[in-house]
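J.: Next input, structure requested:
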Amino acid sequence: MTVHPLVDPAPADMVRVPGGTLAMSMGTRTVETFYMGKYEVTWGEWKAVRAEAAARGYDIGSVGAGCADDHPVRSVNWYDVLKWSNLKSELEGLTPVYTVSGAVFKTGHPDHTTISQNLSATGYRLPLEAEWEFGARGGNQTNGFTYAGSNDLNAVGWYRDNSGGAACDLWSGRGT
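T.: Model prediction:
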């Protein structure tokens, strides 16, 4: 899931999440308006961006897996996602968010405390914890639901207990 800089019009695959205040697990938080991907990053989207990795000095050229192009990417770690977000930003002419010692984060797995994020940069990034929870709970339209749109996880979520017969068998007939 990536956050896009707040520019209008939003890309078609993004949802504008109007800012607001919501009582969340970490206390009451105010969240500024942001865009969030409508869907998880797909294997097809991941591959399209990473195909440019070597030419731009990134080390994610063979990272990731997926069952089909329209399924979520899997087998990536936090470092891979930060680098992928920076690369996607560069490819779209946006300023990358993540740096190490002032340079765009492109390679390696440095100590996580040395990675900086410039929240005023125009590029893609992971949502902050408060943004993720605010968006996942439905933002200002939460209507008091536990999950985005419902209190019934089976109605709005896809997870191990309700994914039997999935096209991508990850765990005993369950998956994406």
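
J.: what residue ranges in this protein score low on pLDDT?
T.: Low-confidence segments of the chain (pLDDT under 70): 1-10, 24-26, 142, 172-176.

J.: tell me the domain ranges of this protein?
T.: Per the record, the chain has its domains at 3-142, 151-176, by automatic domain parsing.

J.: so of those domains, which one's packed in deepest?
T.: domain 3-142 (a mean of 16; mean count of other CB atoms under 10 Å). In this view, the C-beta of every residue, glycine as well, is placed from N, C-alpha and C.

J.: starting at the chain centroid, how far to it?
T.: In terms of CA atoms, centre = their mean, to the nearest Å, the gap separating the centre of domain 3-142 from the centre of its chain is 4 Å.

J.: show me what contacts the residue nearest to residue 42 when sequence neighbours are not counted?
T.: Using CB to CB, 6 or more residues apart in numbering and skipping the chain neighbours, the partner closest in space to residue 42 is residue 70 (5.6 Å). By CB atoms under 8 Å, 6 or more residues apart in numbering, the residues touching residue 70 are 42-44.

J.: need the residues you listed in TSV with secondary structure and distance to residue 144, can you?
T.: Output for those, formatted as TSV (DSSP: H, G, I helix; E, B strand; the rest coil; distance: CB to CB, whole Å):
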residue	secondary structure	distance to residue 144
42	strand	31
43	helix	35
44	helix	36
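
J.: Return the closest of the residues you listed with respect to residue 13.
T.: residue 42 (9.5 Å; CB to CB).

J.: do you know how far the closest one is from residue 62?
T.: 18 Å (CB to CB, to the nearest Å).

J.: Thank you kindly, that will do.
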